[in-house]
Structures are given as C-alpha cells and as structure tokens.
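[1] Predicted model and sequence follow; I will ask about them next.
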There are 2 protein chains.
Amino acid sequence: MTETSAPIPSPEDARRVACVGAGVIGGGWVAHFLARGYDVRAWDPAPDAAARLRRLVDAAWPALEQLGLAPGASANRLTVTATLDEAVAEAQFVQESAPEKLDLKRNLLAELDAATPAGVVIASSTSGYPMTDMQTEAVTPGRLVVGHPFNPPYLIPLVEVVGGERTDPEAVRWAARFYEAAGKSVITLDREVPGFIANRLQEALWREALHMVASGEATVHDIDRSITEGPGLRWAIMGPMLTFALAGGEGGMAHMLDHFGPSLKSPWTRLAAPELDKALYDAVVAGCDDAADGRTIADLVAERDRGVIAVLRATGRLPGAGAT
Amino acid sequence: MTETSAPIPSPEDARRVACVGAGVIGGGWVAHFLARGYDVRAWDPAPDAAARLRRLVDAAWPALEQLGLAPGASANRLTVTATLDEAVAEAQFVQESAPEKLDLKRNLLAELDAATPAGVVIASSTSGYPMTDMQTEAVTPGRLVVGHPFNPPYLIPLVEVVGGERTDPEAVRWAARFYEAAGKSVITLDREVPGFIANRLQEALWREALHMVASGEATVHDIDRSITEGPGLRWAIMGPMLTFALAGGEGGMAHMLDHFGPSLKSPWTRLAAPELDKALYDAVVAGCDDAADGRTIADLVAERDRGVIAVLRATGRLPGAGAT
C-alpha cells in the first residue's frame, strides 16, 4: 500500500477508476465509466489489450452518445497502462474483471490489494464466486467486495453488491453508493449465495433450456423466440413476481397461488419445487404487496400495458394489422 | 355437430370467434380478437360474466387503441351469450380458457366438440396440460389443439400451438395460420411436453425464486428488481441463448460454453444441469449460428444495444446523468 495516498473521497466524489481485465465485461465497465465522466486506467496482461479495449469502447460509444454522456466524458480519458501497479496507483475505486477462475481471482485480488492505495475499495465482477472464497490471500481483505454487473455493463443498470466474511460492511456501503453515483442500479445482498440473485434465476432458466435442447424438446431458436415474444416482453417492465400476481386477476398473488400453486407439483421443469407452506405463501403475498407499494392490481395492469406497448413500439414489433 | 354448417373458411378468412371462459386469459383473448376486427361471442357460467368481460375489455381498450385497431374493429362486436351452444353455434374458431382443472377441461372440451359446427378448430388456452390428456372425452378429438397464450393475450404476441395424440395435424396447421392472421406470433411444437416451452423456462425461474424467498436469500422485491434492471432488459430484445452467446465476446457461444460451461457444476440454482457433452455443445453452438442467420457477433451486439436503449428510453429508465 502506498504511504502517500490521498484521503479516500466520498463515493459521490470519486473520479479516478481502475479497471483490471479487458474482456467483454472489463471493456464494458471501461466504456461505462468513461461515459459517466470518470478518468479510467485499465490494465490486462494480454499483449493486444490496448487495441481490444479500444475496439470495445469504440463499439459501445455510439450507444453511449445516444444515451447522453456525462459532462466532460471522453473516450480519450482512458489510459491503458503497461503494469497493474500503474493502473491502480492513483485509483479511488478498482473494478476487477478477470477470467472466472478461482485461483486466478484469489491471487489477482491479493496483488491488487498490495498495489492499491490503502482504504480504496476493490470490487470483483465475478459471476458467482462468494467473496469469502476469493479474499483468502489478501493482506487487507476488508475492502474487497463483489460488484457483479450484467452484460453489457454500459447499458444494463443492475449491479449486485455483497461482501465476504472478512469484508468491512463499510466497504459494501461505500461500493453501493459509488455505483449509484455512477448511474448503476444496485441490489445489496446481506448474505453470500452462489450466483447471487439474478444469475441464480438466469441459470435455472438456462439449465432448463439446455435440457430441452439436449432432449430435442425445443430448438435454440424456439427457446429464444419463446422468451422475446412472450415473458421477456413483460420482464423488461415488471419482474416475475409482480407479473405473476397480475395473472391472478382482481385477486392478485393470493388468487394466483391458489390457482397455480398445484402446478408446482407438475413436471413443467426439472427443478424441484419448494413446499408452498403457509410461511412461503404469506411471504410471497406480503412481498408482492410491499413491492406494489400502494398500487392496485388495476394500476399495475395499466403500468405493465403502457410499458409493453412502449417496448413493442420502440423495437418495431407492434402486432400485425390483423384480420381485416 | 350442426348439419347445416357452412364450409370451413381458410384460416385467413375466418371472422367469427367464440371465447369460452371470462377470466383474465379469456377476457384478454376477447379483447385481442375484438381489436383485430373479429366478431366475438363469449360465454362463461359465472352469473356476472357479462359485466366482468366488459370490465376486462374496457380496461384493455385504451392500450389497443394506442396500438392501432384493425379496420372495423369495435368493442361492440362482442356478444355475451346465455348458453355455451349459442356462443359456438356459428363460430369459425373456438378459444377455450376455462380454469386449469383437468376434469373440467376434459368435459368442457367434449361439450364444445358436441356443440361446435363440424370441422371448426377448438383451441385450449391450457397453461400446461397435454392435449392428449384433455381430448379423452370428445367424439371428434381431431380438431382439438392447444393454443397457449401469455398474459395479457392482447399485448404479448406468443401463442404455443401443439396437438395431442388424436389431433389431426391439419388442425394444428389451421390453428397456427389462424393465429398468425390474427396478429399473434406462433411457435408450433412437434411434440407434447408438460408446460410447453416458455412455461417450462418461466417455471424454472419461478421455482428458483420461491426457493430464494423460502430460504430468506432474497426478498420478492429484490427478485423482481434483479430481473427488470438486469436480464429482463435483454430478454425483451434477444432470447437467453443469443444473449449468452454475446457474453462470449468475439468467440460467441462456443467461447461462452468453454468459459462458463464449468459453472453448470456450480450450485447457482437448485436445478441439476444436463451433461454438457459434445452433442449438446454442438447443438447449442449450431443453434445459435442458425438463429443468428448470418448476423455477426458485432451485428448482434449493435442490435441488442439499439433495442436496450429503445426500451430504457421508452420506459423512462435512462441511466442517471452520472458522476459529473
């Protein structure tokens, strides 16, 4: 750790970010931070890292310009460094996006910890490793957090933030505030679970899809169309829980569970269902009520319909002129 | 069956639809067919069925007007009949949307079969029962098909069409063409599988979500946000298979499977994974190539980005102005 390091800024005042790893995710983070007006130093051990990062940023930039750049944002505020040390030497936040290999992550996070100014938070883009398993080699593991993005990080808002057993809760809070200030949408988990939240949900769907391909039940193209023409249109607007609540009509989630609860026993997926006991039933109904936050079922239906129409219109997928 | 029935029109020329069942799905079908310019006769045994259908159609109509009605379409072209026989007597297509109970469906489909003019196709909105199990009581089961919609049927394009063991393949083809003419997006399955395609994928995600709520790993609200702020934004644009191919960077799905294949062994969901053997690997890679249909990874990235930006803009969810 550098002895002469400046005081840690507040999450909202940080301006200098280091990105380590120049793959699809690392490059996407670089593009995001540049577009949001940060100075970015990036490093990757691959010999063509600088050219690759430039290609990734160039490919993303038109989209980012359309979305609106932060004042002063420039693709020229990227410096690709020759060494890891140079990348992090003056960083106020570090985002690690190395390949998904546990040993590699362990050693790299220890190396980053050794080279980064004291107190600066270091986040890993890992898709599913608990930080507890990755922070084992670091001298000061308290500042190591998971900050898991979704591809592409410059467009998909979600970041899942969670610490490991040896992480300082203050580092988790700092990272969550930093990401929010950087224009991301944050979910902070209060416990470690492999795959976090969204990847567990995605992985369940992905595994069922692979089973269907393996058994010849559906083609890859059928699977993709079944989502983009079906539930995917709703999920851009409203998550799976509230979406299902609307299937219950005026009775909402309680009616839906009464009506479709028995289908949990049906062989509709290879995933075994939890017992829909009173505690789970009540938790789901109460959770939907909380999420609805005062909106009636009719309000939610109107909101979903407006959203789906906006998506259909924006993506040129209005239904055909129809029968007449 | 009526002896005096008119000849069956081609699927594109059908104009008179009967809808049986006035719940969320049945009402949604009524709204859809009315908006696409059909004459609709509807029946439901509930004493308040007419008022309920009127409410459902009235709630959907502003959305349908925004989307653009077919010429001549009118909410006044709905007739709620006093009996099932009156509803189907002159129908050129019948859509059954009764509650999801197997015995009820069996008996109702037999009753509809007896009352509907010979040769007219009768489709069930069932969420997951194979038609083979539902057509057991019908005298002429050859015309009975599954036509499974998604809520709300007046906005979500997808319909899954599949026959049972005793269904005439011509009835499946007729139904698929009819739905296409009625502005729907059709996937025809060539075999029966419980839950069809999209509900199997949804159900896997739903069960994993229920496990997470039951174990306290995530709240209902976390689960919904993890989708709407994350993968849900992509799934309105591109299905889970092509989406994952883009995570492989310039190497596409093959690189993605090399990189994330091992995570199939990870406890990221309670759903057991299939063996990623060479046959499955090849099927997934080839399926993605087929689905890409000549588009390069760069083309697909640009297409996804345009789509996600359109969705973010249309739904008022552009990322914040950012750091500066």
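    It's in. Numbers count the residues shown, from 1 in each chain, chains lettered A, B, ... in the order given.
[2] how about A:Glu160, secondary structure?
    A:Glu160 carries the three-state label strand when classified by DSSP: H, G, I helix; E, B strand; the rest coil.
[3] What residues are bridge-paired with it?
    Note on A:Glu160: beta-bridge partners A:His148, A:Ile187, judged by DSSP bridges.
[4] Is it correct that it is in contact with A:Leu189?
    Yes: contact status for A:Glu160 versus A:Leu189: in contact at 6.3 Å, counting by Cβ atoms under 8 Å. For the C-beta atoms, the positions are set from N, CA and C on the backbone; glycine is no exception.
[5] who's more crowded, these two?
    A:Glu160 (22 against 19; other Cβ atoms under 10 Å in any protein chain shown).
[6] per-residue confidence for that one?
    Listed pLDDT for A:Glu160 reads 98.
[7] for A:Ala98, what are its contacts?
    Taking Cβ atoms under 8 Å, 6 or more residues apart in numbering or on different chains, we find A:Ala98 in contact with A:20-21, A:26, A:104-105, A:108.
[8] I'd like to know which of those is nearest to chain B.
    A:Gly26 (10.5 Å; Cβ to the nearest Cβ).
[9] Let me see the backbone angles for that closest one.
    When read as degrees, to the nearest 10, the backbone of A:Gly26 gives phi -60, psi -40.
[10] Spit out the contact partners of it.
    Contacts of A:Gly26 by Cβ under 8 Å, 6+ apart are A:19-20, A:42, A:44, A:53, A:95, A:97-98, A:125.
[11] show me what contacts the residue of the stretch 51-200 of chain A found nearest chain B?
    For the stretch 51-200 of chain A, the residue closest to chain B is A:Gly195, as judged by Cβ to the nearest Cβ, at 3.2 Å. A:Gly195 makes contact with A:127-128, A:203, B:266-269, according to Cβ under 8 Å, 6+ apart.
[12] Give me the subset of those that lies in helices.
    Among the contacts of A:Gly195, the members found in helices (DSSP state H) are A:Glu203.
[13] Now flag whichever of the contacts of A:Gly195 is closest to B:Asp133.
    Of all the contacts of A:Gly195, B:Asp133 sits closest to B:Thr269, with 28.8 Å by Cβ to Cβ.
[14] hey, where'd the strands end up in chain A?
    A:16-20, A:39-43, A:78-80, A:93-96, A:122-124, A:144-149, A:158-163, A:185-188 (DSSP state E).
[15] For A:Ile8, which of those is the nearest?
    Here strand A:93-96 is closest among the strands of chain A (Cβ to Cβ), at 9.7 Å.
[16] residues in contact with the closest one?
    By Cβ under 8 Å, 6+ apart, the residues outside strand A:93-96 that reach it are A:14, A:16-21, A:26, A:29, A:33, A:88, A:105, A:108-109, A:112, A:116, A:120-125, A:147, A:175, A:178.
[17] Check the contacts of A:Gly195 for burial and list the buried ones.
    Neighbour counting by 16 or more other Cβ atoms under 10 Å in any protein chain shown classes A:127-128, A:203, B:266, B:268-269 among those as buried.
[18] Can you redo the residues you listed as CSV, where the extra columns are distance to B:Met212 and pLDDT?
    Compiled in CSV, the buried ones among the contacts of A:Gly195 are given as follows (distance: Cβ to Cβ, whole Å; pLDDT from 0 to 100):
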residue, distance to B:Met212, pLDDT
A:Ser127, 17, 92
A:Gly128, 14, 87
A:Glu203, 12, 94
B:Ser266, 16, 89
B:Trp268, 12, 90
B:Thr269, 10, 93
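[19] Nearest to A:Gly287 among the residues you listed?
    Nearest to A:Gly287 out of the buried ones among the contacts of A:Gly195 is B:Thr269 (Cβ to Cβ; 19.8 Å).
[20] so that closest one makes contact with A:Glu203?
    Yes: between B:Thr269 and A:Glu203 there is a contact under Cβ under 8 Å: 4.4 Å.
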